[in-house]
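Engineer: predicted structure and sequence below. I'll ask about it afterward.
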12 protein chains.
Amino acid sequence: MPPRILVLNGPNLNLLGTREPEIYGHGTLGELVDGLRAAYIGRAEISDHQTNIEGELVSALHNAESDGIDGVAFNAGAYTHTSIALRDAIAGISVPVVEIHISNVHRREAFRHTSMLAEVCLGQILGFGRVSYSLGVEAIVRHLNQ
Amino acid sequence: MPPRILVLNGPNLNLLGTREPEIYGHGTLGELVDGLRAAYIGRAEISDHQTNIEGELVSALHNAESDGIDGVAFNAGAYTHTSIALRDAIAGISVPVVEIHISNVHRREAFRHTSMLAEVCLGQILGFGRVSYSLGVEAIVRHLNQ
Amino acid sequence: MPPRILVLNGPNLNLLGTREPEIYGHGTLGELVDGLRAAYIGRAEISDHQTNIEGELVSALHNAESDGIDGVAFNAGAYTHTSIALRDAIAGISVPVVEIHISNVHRREAFRHTSMLAEVCLGQILGFGRVSYSLGVEAIVRHLNQ
Amino acid sequence: MPPRILVLNGPNLNLLGTREPEIYGHGTLGELVDGLRAAYIGRAEISDHQTNIEGELVSALHNAESDGIDGVAFNAGAYTHTSIALRDAIAGISVPVVEIHISNVHRREAFRHTSMLAEVCLGQILGFGRVSYSLGVEAIVRHLNQ
Amino acid sequence: MPPRILVLNGPNLNLLGTREPEIYGHGTLGELVDGLRAAYIGRAEISDHQTNIEGELVSALHNAESDGIDGVAFNAGAYTHTSIALRDAIAGISVPVVEIHISNVHRREAFRHTSMLAEVCLGQILGFGRVSYSLGVEAIVRHLNQ
Amino acid sequence: MPPRILVLNGPNLNLLGTREPEIYGHGTLGELVDGLRAAYIGRAEISDHQTNIEGELVSALHNAESDGIDGVAFNAGAYTHTSIALRDAIAGISVPVVEIHISNVHRREAFRHTSMLAEVCLGQILGFGRVSYSLGVEAIVRHLNQ
Amino acid sequence: MPPRILVLNGPNLNLLGTREPEIYGHGTLGELVDGLRAAYIGRAEISDHQTNIEGELVSALHNAESDGIDGVAFNAGAYTHTSIALRDAIAGISVPVVEIHISNVHRREAFRHTSMLAEVCLGQILGFGRVSYSLGVEAIVRHLNQ
Amino acid sequence: MPPRILVLNGPNLNLLGTREPEIYGHGTLGELVDGLRAAYIGRAEISDHQTNIEGELVSALHNAESDGIDGVAFNAGAYTHTSIALRDAIAGISVPVVEIHISNVHRREAFRHTSMLAEVCLGQILGFGRVSYSLGVEAIVRHLNQ
Amino acid sequence: MPPRILVLNGPNLNLLGTREPEIYGHGTLGELVDGLRAAYIGRAEISDHQTNIEGELVSALHNAESDGIDGVAFNAGAYTHTSIALRDAIAGISVPVVEIHISNVHRREAFRHTSMLAEVCLGQILGFGRVSYSLGVEAIVRHLNQ
Amino acid sequence: MPPRILVLNGPNLNLLGTREPEIYGHGTLGELVDGLRAAYIGRAEISDHQTNIEGELVSALHNAESDGIDGVAFNAGAYTHTSIALRDAIAGISVPVVEIHISNVHRREAFRHTSMLAEVCLGQILGFGRVSYSLGVEAIVRHLNQ
Amino acid sequence: MPPRILVLNGPNLNLLGTREPEIYGHGTLGELVDGLRAAYIGRAEISDHQTNIEGELVSALHNAESDGIDGVAFNAGAYTHTSIALRDAIAGISVPVVEIHISNVHRREAFRHTSMLAEVCLGQILGFGRVSYSLGVEAIVRHLNQ
Amino acid sequence: MPPRILVLNGPNLNLLGTREPEIYGHGTLGELVDGLRAAYIGRAEISDHQTNIEGELVSALHNAESDGIDGVAFNAGAYTHTSIALRDAIAGISVPVVEIHISNVHRREAFRHTSMLAEVCLGQILGFGRVSYSLGVEAIVRHLNQ
C-alpha cells in the first residue's frame, strides 16, 4: 500500500495564484495539490490541509499521527520563522516532517533566513518554486522506502 | 459613493474601556467605532472587526480584498511587533492598510518599538490616543482621493 | 468558600503522557488535573482549559476575570517565550496569574530561557515536573489568603 | 482665536521638489506650507522654519515656547535618528510636538527605522507623502481641542 | 525521620527587614527562618546559613553534602546572576538545590533576568515574596518523597 | 540529449565512508556518484569533482560554464558557511547551482546554520543523508525541463 | 596670576532653571556661573560660553587654546554621547578639559551611559547637581597646581 | 561636629605605590589616607578600610550605616564593573556613596567602561589620579552641607 | 574648460598643521589647497571651503550644485561616521562626491571604521596622508573625462 | 629606474569582462593590465598575478618581497573581507600594499563593508571602476617618491 | 637552587576526586600536588594553596611576590571567566603566571570559552586533564631557564 | 618504538625568523623543527610540514592518519580563527591533535581570541614563544603514554 502523505500549508498559502505571483507563481493551491496527486498515483496517497491559524496547524500535526499519516510535507509559511509551538508539535509526534518553501527564503528579508522548525524536521527543501512540493513528497517517499 | 473602510482590531482591544484605562482611555470599542461612523457620514462607509486570533486577522485581510473594501485602518495590537503572517497578508492584498496605535509605543517596552507591519503598510500613525483611529481613517480617505 | 482557580494550558499540552515522556512525564493532562482537584478539595475549586490557539488563550484569560476566577495557574507552553498578546491579556485583567513549567526550561534551548509573561505574572515556578502545577496552585492559595 | 502652529523642518528639506522626487514628491517647501495655510484658515495659524543646522533647530524649539506657539509639526529629517539634543529640547519645552515624515522610513535603510524623538513627542505620523504634514497639523489641532 | 533542609542565603539578605522593605518585606531573616521551622515541624528539619562572601557560599554547599543535608533552598541574591563558582558547586554536589527569590526578578533590571544557577538547580521559584521560601522547602520535601 | 550535471564536492568529502559515519553514512564518495549515474541513465549525464581547496572549487565552477555543464549539485562542505569567493563564483556564472548537504546542518553547531551560498543558488536541499544528492540532481533536471 | 578657566556649555543648557527642574535644578546658567566666579575669586579667572550648535563648540575649544585658556570645565550636554567632532577637538588642543554633568547620567536612558569625550578628557565628574561645576573647576585648579 | 566619612577601598588597592605606578601613582594607601585626614581636619573625620574580598566590602557598607558614618568615598576597584552584590549593598543603606577611580577608566579596556555601582551612587569622579579621592571627600562634604 | 572641483573640509580640519601632526602631517589647510591648485593648473579649477558646522556642510553641498561645481573632494572628518544629514545631501545633489581621509581610519578607533557617506559617494580614498586629496581630485577628473 | 609594482588579483577576477559586467565592466584582466603598463611606461614597471587560491596569494605576497617588488596594488576580491592569512602576509613583508576594489563595496551586501586587510595596508581606494587600479598604482608611485 | 613555584587553585578544586570525575579525573588535589613534587624534585620547589574565595586568591598572588615565589601555575576555576580582580592582581605583580585548566573549556558552555586572565598571563595550557598541571610547571621552569 | 609526531604549520609560518621577530622570535622554521628533533631523540620521531593553503592542511591531516602518525602538534596560524574545514578534518580523523600558538593570542586583536579548532583538539597551548612547540610535543607524548 502506498504511504499516506499530508501536504500541510500555513498562513496566506490559500492566496496562491493571486498573491505576489512573481514570487509564488500561478495556479491555485488546489491545482498544485491535484498535480501532486496525479504525479504520485501508486507511489503515495496524498491528502492536504490549509489554515491561517498557528494553533490549528499544531492540531493538524497531532491529528496526522493519530490518523495514520506516514509523512508530512509542511510549508509553514510565515510561522516557519517564529513558531516554537509548531516546533514542539513536530518534535512531539513520531511522523517525519519535511520543511518546504516555494521561494528561496535566503534571497528575502533577514527574518526569513532562520527556521524554528528545521532542527526537528527530517530535512529542508527550498527555492524551487512549486517543484519544492514534489521534491518534498519525493524525499518522504524515499525516506520511508529505506 | 464614499469609500468602504474596514477598522480592524487585534488582540485585547475587545477589552477597551476596561483594560489599563490610563493607557487606552475610556469607552468601549463599539463606542469608538460608532463615533468614527458618525464623524465620517458621507465621507466613508465604516465597517469593523475584532478578534484575538492572529490567523483570523490574516483571513480578515484576505476577505477585505474580496469584499471590496477600499482601505483598512488596522490596530494589530500585540501582533504588530511579531507577526510575519500579518505582514504577508498585507503584502498579499492590493487594499491599502494604515497601521495605527492608541498609545505612543515608543514610550513603552523596547519590544513595542519595532513593527513587522510598517514596511508593507501605507503609513503609520501612533500616540494620539483614540484620535489615532480618526487620523487613520482620514489618511486613507485622503490617499484614495489623490 | 474556597477560591476558584483556573489551570490553563497552552499548545501541545494536550499531548501530555504521549509527547517526550522523558521531559514531560507520564499520565494525561486530565489525570493531572484530577489529581490536583483531589489534593485541593476544600482548599480550592479547580477548573481547567487547554487550547493550542494563542488567541483563544487570550480570550480564556479575559473570561477568567468575567467568570469570577480568583487565580490562574498558567502553563503557556511555547507561547511563553514569544507572546506579547498573552502578556497584554494578563496585564489587562485583575486576576493574579502564576507562570508554571513542567520542565526546567533553563536546561533546554536558549529561546526557552526568556519569558514574555513573567514580568506581568505574580511569580514563576519551573522545573519540578508535574509538581510545578500543585506548587502553582499552592502559591495562589497562599497569596489569596494573605 | 485659532491655535498657532509651527511647521518646523530640518536638514535637506529646503531641497523639496528637487531632491529625489520619487521619494519626496514635487513642489517646493514654500508651496507645501502655503497649501497648509490655505487648508487651515480659521482652524490654525501656521508659521514655518527650516534650517540645516541641528543646534538652530534646538533653538527654534526653545523659541517656539517663548513665542507662544501652541504646537509644532516637526520633520527633523536626518536628525530624527541620531539627535539627543533635539530630544532634550522637545522634552525641555511644554509645547506639544508631533513627529512627521514624508516617506515611510520603515521601507528605507535600517538606520532610519529608529527615532530618538518619538518617545518625547505627542505622536508620530509617517509614510503619507506630503499628506503627513496636514495629518500632523490635524493631530495637533484635535489634541488642543480636547 | 524528616529530611534535613538547609536554607542558604547570600549577600545582603542579612539586611532583611531593613533594606528596601517595599521589595523585600518586613521581619528579619531570623524571624523568616523561625516561621519556616514552625511550619515544617515533623515534615522537615531546617537549618540555615547566611554570608555575604561568594566563596563561603561555595564552601557551605560543599559542607551541605558532607553534613548529610538532603536538600537546599538557596537564595543566592546578587550572586545568582554572575557566579559560575556557585554553579560549579551545585553541579559538584549530589544534594538537590532549589533556587528561590523573594522578588519577581523579571520586573527589575535586565541583569537580574538571567540566572547562572537555574540550569543546575532542580527548579526555580520566584516572585512570591517570603512565601517563595516555604514553596521552596515544599518543593524539596515533595521531590524527596517521590 | 540529457543535460550534463556536475556533482561538485568540497573539503573532507573525500573521507566519506570513514569520517563520522553516524553523520555522513557508509560507502565512499565514488560509490555514491556511481549510484547517481546508474539512477539517472538517460535522464542526466553526471560528472563529478572533489577538492579540499576553496580556490580550486572556484575554478571548478568557472570551468563548469566553459565546459558546457548544464547544472551543478554542490556540496561545499565547511566552505558553505564562510566562503564569499564561492558565492561570487556562483553569481559569476550562468549555470544554475543547487546547494546540498548530507546532514541536517540545523541540528549541529550554530556556525553551520548560515550559508553564504544559498542566496545565489537556485535552491537548497539538506538533511536527507545521501538522498540529498539525488534530490539535488532531480531538482536540476526538473528545473531544466521547465 | 590665577589660571584662566572656561566653563563651556552645550545644547539646552541655556534652558537651565526652566527645563526639567527636578533633574537640572533651579537658577539660570548665568546665576550658576556668577556663583562659581564668586567662589573662585583669587584662585581662578572664570569665563563662560554656551551654544546649541555642535560646530560652534568645536570652534570654542579651538579658540580656548589660542586665547590662552588654562583649562576647560565642559558640559557638552546631549553631544557628550555622540560627538566625534568634539572628541577630535579636545584631542587636538593642548588645554586640559574636564567632562561634567549635572545629573547622574547612569540613572537615565541607556544612550546617556556612554561618553565619546571621556577618553580624551582629563577626568569625569557627574551626578552632584550643580556642585559638579565647582568640583570640575576645583579639579582643574588642583591639576594645574601639580 | 564634622561629618564622619569612610574611605573604602577594594581589591588590589593595598598594592598602591607598588602596582603599575604609571597608572596608580607613588605613595602607599596609608600615606594617601593620611594626606586626606590632614587636608580635611575640622571639615571631616576620615576613617578607612581596605579588603580584597567582595563580600567583606558588602559588610563594610552595612557597617558604615550602623556605625554612624555620614558618607562613603568608595573605590571598588575591579569589582566596580561586575558586582551586583555591592550595588545592592549601596542601595540597601541610606548613607550616600560616591564612586571614585584613580585612573581614567575610559582610556583602558572596554570592560572598565561600565559601572554596576554608578546608578545607585550619589555621583562618580574619575581620572584625576589620587586627587580623585579628595574630590570625592569634597563632594560628600558639600552634599551633606546642602 | 577644465572642470570646477570643490575641496570641502569638515570639523577640526582648520587645525591642520597644528593638531596631532603625527597623524595629519605638517602645513596648513591653505597650503595644502594651494599645492593642489598648482598641481592641477589647466586640468581642474579648484575652490575650497571649511566649516566645523555639520549643517553648513549640508548647505555647502547644496550650493555646489547650484554654483555649477562639477565634482567634490570631501573630507567630512568626524561627521563621516555619524552624519545621515550629509549622506542625504550627497544623495540629493547630482554632483559626484569623492570621500577622502588623510589617515588610514581602519588603524584607529572602531567608530572610525564605518562611513555613513561611502554608499552615496562615487568612491572612497583613504590613508595616503595628504596625497589622498590629490588622488581624490585625480579620481574626479578621470571620472568626468570618461 | 622606475619602481617595480605588482598588480595582484584574487578570486574570480580572472572572469573580468564576463562576470557581472554591470558591476565589473568590460574588457579582460589582461587588457586592464596592458592598459596600466602603457599608461605608466617610464614611471613604473608593472607585473601582475592572479589566482583563486588564498594560500597562493599569501605566497605571492611573500615572493613580492624576495623578488624586489617595490609596491603592490592588491585587489583581494572576496578574501578581502575574511582572510586573516592575507592580513598576516601583508604585515609580515616590508613592501607597501594598497587595497583596491573596482566596485563601491559599501553599496553591496553588508559582509563586503569590512576589510581584514585595510588596517595593514598603506591605504584603500574603492568604487572608481577600473580606474581604481590606476589610482592604486598612482598612490604607490607617489608614496615611493616621497 | 631550583625555582620556587606556587600551584594555586581556585573554587571547587578542593572537590577534586569527588566532583564530576568524568571531567576532572580521580585522585585528590593533595595527591595531584604530591605527584608534581615528586616529578620535579631538583628541578622545582613546589608549594600549593587552594581557596574558594576570590579575594583570598588576590591576596595569595600578592603574597607570592613578597614570599619570593618565582612562578605561579594557576587554575582559577570558575573565576577565570569573570574576575577582573584576579586579572589586576596578576598584572600588579612581577611573578610570571601560567593559566591552566584540567578540562578543554572550549568543549563546555560558552561562558567558559573566554578568560579574563589569559591576556596578563605568560601563556595558557588547557585540556590535558591533570597533565595540564605538569605542563604548566614545565612551562614556567623552561621560561625561567631562558 | 617512539611515537610518530607530525609538526604541522599553516600560513605565513614559512616566514619564521623574518616576519615580526618581536612576536615570533628569531631562527627559521627548519631550525625550530631541528631543535625539536634533537630534544626528542628516542622519545618521539618528528616529521613536519608547512603550507599556506588551507585545503592542503586539510589533506595533510587526512594523510597523517593514513601514514600512521600518532599525534599532531598543529599551529594553524591565521586559519585557527576561521577554518571550519580544518575543524572538520581534525574531527574526521582519529589521530589526536594539539593546538599550539607561539604568541599569546589573547594579547592581540579580538579576532585572534577565538579558535574554531580548540573544541575538537585534545588541548591548547599558547603564549610560550617557540617553547609552545616543545610543550605541544610533550603533551602528545604524555597523552600517548597514558
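Structural biologist: Sure, I can see it.
Engineer: let me see the contact set for A:His113.
Structural biologist: Listed by Cβ atoms under 8 Å, 6 or more residues apart in numbering or on different chains, the contact set of A:His113 reads A:Val105, A:His106, F:Thr114. C-beta here means a position set from N, CA and C on the backbone, and glycine is covered the same way.
Engineer: give me the pLDDT value at it.
Structural biologist: A:His113 is assigned 97 on the pLDDT scale.
Engineer: near chain B at all, stretch A:18-32?
Structural biologist: Yes - on the criterion Cβ under 8 Å from any Cβ of the partner chain, stretch A:18-32 is in touch with chain B at A:Thr18, A:Arg19, A:Glu20.
Engineer: list only buried entries from the residues you listed.
Structural biologist: Using 16 or more other Cβ atoms under 10 Å in any protein chain shown as the burial test, the residues of stretch A:18-32 next to chain B include A:Thr18, A:Arg19 as buried.
Engineer: still on that earlier bit, ok, the contacts of A:His113 vs chain E, which is closest?
Structural biologist: Proximity of those to chain E was ranked by Cβ to the nearest Cβ; the top entry is F:Thr114 with 25.2 Å.
Engineer: run through the residues that contact the closest one.
Structural biologist: For F:Thr114, the contacting residues are A:His113, F:His81, by Cβ under 8 Å, 6+ apart.
Engineer: change it to 6 Å
Structural biologist: F:His81 (Cβ atoms under 6 Å, 6 or more residues apart in numbering or on different chains).
Engineer: what's the distance between it and chain B?
Structural biologist: Using Cβ to the nearest Cβ, to the nearest Å, F:Thr114 is found at 19 Å from chain B.
Engineer: give me the number of residues near the residue in chain A positioned nearest to chain K?
Structural biologist: In chain A, the residue that lies nearest chain K is A:Glu119 (18.1 Å; Cβ to the nearest Cβ). Neighbour count for A:Glu119, taken as other Cβ atoms under 10 Å in any protein chain shown: 19.
Engineer: tell me the predicted confidence for it.
Structural biologist: Each residue has a pLDDT score; the one for A:Glu119 is 97.
Engineer: now it. Nearest residue, chain neighbours left out?
Structural biologist: Leaving aside its chain neighbours, A:Glu119 sits nearest to F:His106 (4.6 Å; criterion: Cβ to Cβ, 6 or more residues apart in numbering or on different chains).
Engineer: my guess is the one you found meets A:Leu117, correct?
Structural biologist: No - between F:His106 and A:Leu117 there is no contact under Cβ atoms under 6 Å: 8.8 Å.
Engineer: now do the SS call for the nearest residue to A:Asn52 once chain neighbours are set aside.
Structural biologist: When the adjacent residues along the chain are set aside, A:Asn52 lies closest to B:Gly55, with 3.7 Å between them (Cβ to Cβ, 6+ apart). Using DSSP: H, G, I helix; E, B strand; the rest coil, the secondary structure recorded for B:Gly55 is helix.
Engineer: need the next SSE after the lowest-mean-pLDDT helix or strand in chain A, C-terminal direction.
Structural biologist: Sorting the helices and strands of chain A by mean pLDDT, DSSP states H and E puts helix A:21-24 at the bottom, at a mean of 73. Using DSSP states H and E, the next helix or strand after helix A:21-24 towards the C-terminus is helix A:29-39.
Engineer: pLDDT value on A:Gly55, please?
Structural biologist: In this prediction A:Gly55 is given a pLDDT of 98.
Engineer: any idea how far C:Arg108 is from it?
Structural biologist: Per Cβ to Cβ, to the nearest Å, A:Gly55 is found 21 Å from C:Arg108.
Engineer: again with A:Arg4
Structural biologist: Counting by Cβ to Cβ, the gap from A:Arg4 to C:Arg108 is 32 Å.
Engineer: looking at the two, which is more packed in?
Structural biologist: Neighbours were counted for A:Arg4 and for C:Arg108 using other Cβ under 10 Å; A:Arg4 has more, 16 against 13.
Engineer: and A:His81, how many neighbours does it have?
Structural biologist: By the measure other Cβ under 10 Å, the count of residues near A:His81 is 19.
Engineer: ok, it - contacts?
Structural biologist: A:Phe111, A:Arg112, A:Thr114, B:Ile84.
Engineer: repeat that for A:Gly136.
Structural biologist: Residues in contact with A:Gly136 (Cβ under 6 Å, 6+ apart) are A:Ala73, A:Val98, A:Ile100, A:Ile125.
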